[in-house]
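>>> pasting a predicted model and its sequence here:
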Amino acid sequence: MVFRTFIQKLNSKPRFLTFVIAFSLVGCWANPFTHPPIECLMKLSNFICPDNDVLRRWSPAYYLLLLPESTVTISNLTNHSIVETGFVVGTVPPGPTFVNVGIDDAQPTQVPVIDGTWRYALPAKAITNTFWTYGSLHTIYAHLPYEKSNTIQVRMGTNHDTDGDGYPDLIVSASTSALSQGYAYVYRINSITKQLSTTPYSILTDGIINTYFGSRIGSGDFNGDGYADVLIGSQAYAGVIAFGGRVLAFNSRGQTGIPSQNLNTGGVADAILTGTANGGRLGSVISTADVNHDGYDDAILASPWVDNLFIFHSQGSSGLITQSTITANFTYQGVFGNDNFGNHAAVGDVNGDGFQDLIVGEHQYSSNTGRLFVFVSNQGTLPSQPQQFVYPPTDPAPGCGAGGGCRFGSSFVLDYFNSDNCIDLAVGAFSFNSNQGIAHVYHSTCDSTNPYGTVPNVTLLGPPTPSCNGNLCNFGGTLASGDTNGDGRPDLLIGATGASAGIGDVYLVLNDPITGFRNMNLSAGGSADSLFSGANAVSNFSMGLRFQDTNADGLQDIVISEPTTTNRVYTFHSVRGGVPANQNLNGSGVTSQTLAPPAGTSLGNTIAQWKTKAESYLWALVSETKKYFGMI
């Protein structure tokens, strides 16, 4: 019966293919073209007929070579994509009622086809009791029976898909001053136009002024259901503590996403994390990650005003719960006051053991020299003290000794810049050489005690200060990493808000698959692979900076904000196998898309980051003024 069904399937293929396969399945004596009699007598094998057992004569591996190409498409991800969603979606031609979809080495699942489309849920702890760790590599495949599989390799990122349509949402805030009401916006990708909707799908606000609602924003799957939830900082919120600050969690409701909320007119947050230090301003720094390796993202919050960092663990399928910093699961207090410990925090696996490690900045350490703290996880438990401090290099001259220090660690990103499984580090120091600015790239050694060397692998130096606004280039004030050309290697974006006489520039530096990043000196004739310039002077072009797919092609695009005065967020689509063209928005340059807020100002003062993205060099100003400005 099985054999007859198999032959019936073959009869739907070209006659010659059917003849060849059927002919090879009969005995060796009847098939002299593929298995001459002398080989049968000697019981020798060859390519077509491995032995004389009729049930084993045709290898599945050989059969797969003859299968037709897959007609199943994977719509939201491609090879080398970063997964920022809990779902894979795709299409099939008319007719089939199901498609086979699987991950890694697991057997496929029959996924129903509805109106020519299918949707498959990736591992989510609360749903499947399995999960993918951040940064891990995986295979996804999809096919119809008797077709080859459409197979891609992807790397796990942070979930930004609030409604589970398979496409990451752009989550941004608009918060500029104590006299302004702050907002957070969720912009979805339109499945028809393949562009971000210009009207936000969700609008979140506390409805009042003086709280800096939206001072920082982040996302992650805190309740393990496969949908992205949102964290919003409100760093000037007073409550019973003067400027203690708080962070509010808003959970997705599934395919309806995150409902719009106004906390001043009856809206309710799903959880509130409250600061208990007078003037601590909790919510100034937000990061998310599954720190304790239980399959649920946790909240990493810092109060650099008082040199504190806190981690709140998810409570499983309940997600984050309302509590204060007194009951945080992990707390670290900076050793010296006013060093801004916690000006930025990022998470990644520095030693390749599968557990997430923590890196925290302290950019005002030792007269603004700056340093990084590296906490290496012990199977999901962070140590009480860091294993390593990363200090700025002494070269190139003048190092950190001139112009009031370099603020090493004012921004940094973690990403897999080379071919090993240990996450690497790119660090910005925007005040280097009297605010010329510099960035360094360190490859991890995969060591659990000292993963980063004292000498960077790559150094990237900013433009000459006379070309900048008041000689303040601030190169390296913001950083972002992502794969702009689809080659599987993350590239680097470096922001300089004061470049080009204050218009602001963003430099794209490609990561060559063979040689990696090159050293670059913009003040000595060097140049980036692409250059993006802002629309208006002194508008903080590059204050918000990240990579994210914004046009539903599975390739990470470039997202840049210009929040001050201009009040805009821009997207620039990436080019597979190529480089995005230079764009000068102060001249004839164009964007792929421009977003403006329906209410509020300073859109893009923060963008929900992919765990390792740095936010802004403005913490330096904050700290100084103490004000926030197939067969199956």
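Happy to help now that I have it.
>>> residue ranges with poor pLDDT in the chain?
The chain contains residues with pLDDT under 70 at 1-65, 403, 610-632.
>>> rerun at 50
Along the chain, segments meeting pLDDT under 50 span 1-35, 37-45, 47-52, 54-56, 610-632.
>>> helices along that one, start to end?
Ranges of helices in the chain, per DSSP state H, are 2-11, 15-25, 37-41, 60-65, 125-128, 365-368, 432-435, 619-625.
>>> for stretch 521-530, what is the distance to the chain centroid?
Counting by Cα atoms, centre = their mean, to the nearest Å, stretch 521-530 is centred 26 Å from the centre of its parent chain.
>>> nope, stretch 430-447 is what I was after
The chain centre lies 21 Å from the centre of stretch 430-447; the measure is Cα atoms, centre = their mean.
>>> which parts of stretch 117-136 are buried?
117-126, 131-132, 134-135 (16 or more other Cβ atoms under 10 Å). Glycine gets a C-beta too; all of them are placed from N, C-alpha and C.
>>> filter those residues down to the ones in strands?
Per DSSP state E, strands hold the following members of those: 117-121.
>>> my read: Thr594 touches Thr566, true?
No. Look at Thr594 against Thr566 with Cβ atoms under 8 Å: they stay out of range, at 9.7 Å.
>>> more neighbours: those two, which one.
Neighbours per residue, other Cβ atoms under 10 Å: of Thr594 and Thr566, the larger number sits with Thr566, 23 against 15.
>>> quick check: the more buried one touching Ser539?
Yes. Using Cβ under 8 Å, Thr566 is in contact with Ser539, at 4.4 Å.
>>> related to what we said a few turns ago, Throw the ones in strands among the buried residues of stretch 117-136 into TSV and include distance to Ser481, thanks.
What follows is those, written out as TSV (distance: Cβ to Cβ, whole Å):
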residue	distance to Ser481
Thr117	32
Trp118	32
Arg119	29
Tyr120	28
Ala121	28
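>>> select, from these, the two members most distant in space.
Thr117 and Ala121 (14.5 Å; Cβ to Cβ).
>>> go through the ones in strands among the buried residues of stretch 117-136 and name the one nearest Ser324.
Out of these, the member with the shortest distance to Ser324 (by Cβ to Cβ) is Ala121, at 34.6 Å.
>>> what's that closest one in contact with, if anything?
Contacts for Ala121 (Cβ atoms under 8 Å, 6 or more residues apart in numbering) come out as 86-87, 127-128, 226.
>>> again with Tyr296
125-126, 221-224, 290, 313-314, 316, 319.
>>> excluding its backbone neighbours, what's nearest Ser260?
Ile203 (4.6 Å; Cβ to Cβ, 6 or more residues apart in numbering).
>>> hang on, I meant Phe430
Closest to Phe430 by Cβ to Cβ, 6+ apart is Gly477, at 4.0 Å.
>>> relative to Gly90, how far out is the one you found?
Distance of Gly477 to Gly90, computed by Cβ to Cβ, to the nearest Å: 40 Å.
>>> quick check: phi and psi at Ser419.
phi -90, psi 0 (degrees, to the nearest 10).
>>> what's the local residue count around it?
Ser419: 9 neighbours (other Cβ under 10 Å).
>>> what's the spacing between it and Gly352?
As judged by Cβ to Cβ, Ser419 and Gly352 stand 12 Å apart.
>>> over to Phe375?
16 Å.
>>> more neighbours: which of these two?
A count of neighbours by other Cβ under 10 Å puts Phe375 above the other of Phe375 and Gly352, at 23 against 16.
>>> so that one touches Gln356, yeah?
No. Applying Cβ under 8 Å as the test, Phe375 and Gln356 come out as separate, 10.1 Å apart.
>>> redo the buried residues of stretch 117-136 as a markdown table? Include distance to Leu425.
What follows is those, written out as a markdown table (distance: Cβ to Cβ, whole Å):
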| residue | distance to Leu425 |
| --- | --- |
| Thr117 | 40 |
| Trp118 | 39 |
| Arg119 | 36 |
| Tyr120 | 34 |
| Ala121 | 33 |
| Leu122 | 28 |
| Pro123 | 28 |
| Ala124 | 29 |
| Lys125 | 28 |
| Ala126 | 32 |
| Phe131 | 25 |
| Trp132 | 22 |
| Tyr134 | 15 |
| Gly135 | 13 |
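>>> re earlier: next, format the contacts of Tyr296 as a markdown table and append distance to Ser175.
A markdown table is the format used below for the contacts of Tyr296 (distance: Cβ to Cβ, whole Å):
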| residue | distance to Ser175 |
| --- | --- |
| Lys125 | 32 |
| Ala126 | 31 |
| Asp221 | 24 |
| Phe222 | 22 |
| Asn223 | 26 |
| Gly224 | 29 |
| Asp290 | 27 |
| His313 | 27 |
| Ser314 | 25 |
| Gly316 | 31 |
| Gly319 | 24 |
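>>> so among the residues you listed, which ones count as buried?
Of the contacts of Tyr296, these count as buried by 16+ other Cβ under 10 Å: 125-126, 221-224, 290, 313-314, 319.
>>> nearest to Thr606 among those residues?
Nearest to Thr606 among those, with distances taken as Cβ to Cβ, is Phe222, at 18.6 Å.
>>> separation between the closest one and Asp165?
19 Å.
>>> before we move on, what about Trp305?
39 Å.
>>> more neighbours: which of these two?
Trp305 (26 against 19).
>>> what about Ala106, how many neighbours?
Neighbour tally, Ala106, other Cβ under 10 Å: 11.
>>> sorry, slip of the keys, the one I care about is Asp420.
Counted with other Cβ under 10 Å, Asp420 comes out at 13.
>>> swap in Asn76?
Neighbours of Asn76 (other Cβ under 10 Å): 25.
>>> list the contacts of the spatially closest residue to it that is not a sequence neighbour.
Using Cβ to Cβ, 6+ apart and skipping residues adjacent in sequence, the residue nearest Asn76 is Gly166, 3.9 Å away. Shown in contact with Gly166 (Cβ under 8 Å, 6+ apart): 75-76, 85, 87-89, 119.
>>> what's the closest of those residues to Val455?
For those, the nearest to Val455 is Thr85 (38.4 Å; Cβ to Cβ).
>>> surely that closest one meets Asp163?
No. With contact defined as Cβ under 8 Å, Thr85 does not reach Asp163; the gap is 9.8 Å.
>>> looking at those two now, which is surrounded by more residues?
Remark: of Thr85 and Asp163, Thr85 carries more neighbours, 28 against 22, as counted by other Cβ under 10 Å.
>>> so what's the residue count around the nearest residue to the more buried one once chain neighbours are set aside?
Leaving aside its chain neighbours, Thr85 sits nearest to Asp161 (3.7 Å; criterion: Cβ to Cβ, 6+ apart). If you count neighbours by other Cβ under 10 Å, Asp161 ends up with 25.
>>> surely Asp161 and Val88 touch.
No. Using Cβ under 8 Å, Asp161 makes no contact with Val88, being 11.0 Å away.
>>> so what's Leu461 up against?
Taking Cβ under 8 Å, 6+ apart as the test, what Leu461 contacts is 396, 436-438, 475, 520-524, 526.
>>> mind running it again at 7 Å?
Residues near Leu461 by Cβ atoms under 7 Å, 6 or more residues apart in numbering: 396, 438, 520-523.
>>> restricted to buried residues, select these in PyMOL.
Of those, the buried ones can be selected in PyMOL as follows, counting by 16+ other Cβ under 10 Å:
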select buried, resi 438+520+521+522+523
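>>> just the contacts of Leu461: which are in strands?
438, 520-521.
>>> Thr265 against Gly207, yeah?
Yes. Here Thr265 reaches Gly207: they are 6.0 Å apart, a contact under Cβ atoms under 7 Å.
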